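**Q** return atomic coordinates for the entry below.
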Amino acid sequence: VLNFKLEKTGFLSALPYLVMAIVLQGSGHLADYLRSTK
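**A** Presented below is the predicted three-dimensional model:
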């Protein structure tokens, strides 16, 4: 559709969710570390 490759558009539409999953994991570890140091 509209000369877009399905693989590329599928990856681009999944990218925000992949980034969110990585950031959530990192922020959880950071929050645990900050709570344990105080």
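**Q** nearest residue to the middle of this protein?
**A** When C-alpha atoms, centre = their mean is applied to the chain, the residue found nearest the centroid is Val19 (1.6 Å).
**Q** any idea which helix or strand carries that one?
**A** helix 6-37 (DSSP states H and E).
**Q** now that helix: mean pLDDT?
**A** Averaging pLDDT along helix 6-37 gives 93.
**Q** what's that helix packed up against?
**A** For helix 6-37, there is no helix or strand it packs on, judged by 3 or more C-beta pairs under 8 Å, 6 or more residues apart in numbering; DSSP states H and E. Every C-beta, even on glycine, is put in place using the N, C-alpha and C of the backbone.
**Q** chain center to that helix, what's the gap?
**A** The chain centroid and the centroid of helix 6-37 are separated by 3 Å, computed with C-alpha atoms, centre = their mean, to the nearest Å.
**Q** same question, stretch 3-13
**A** Worked out by C-alpha atoms, centre = their mean, stretch 3-13 lies 18 Å from the chain centre.
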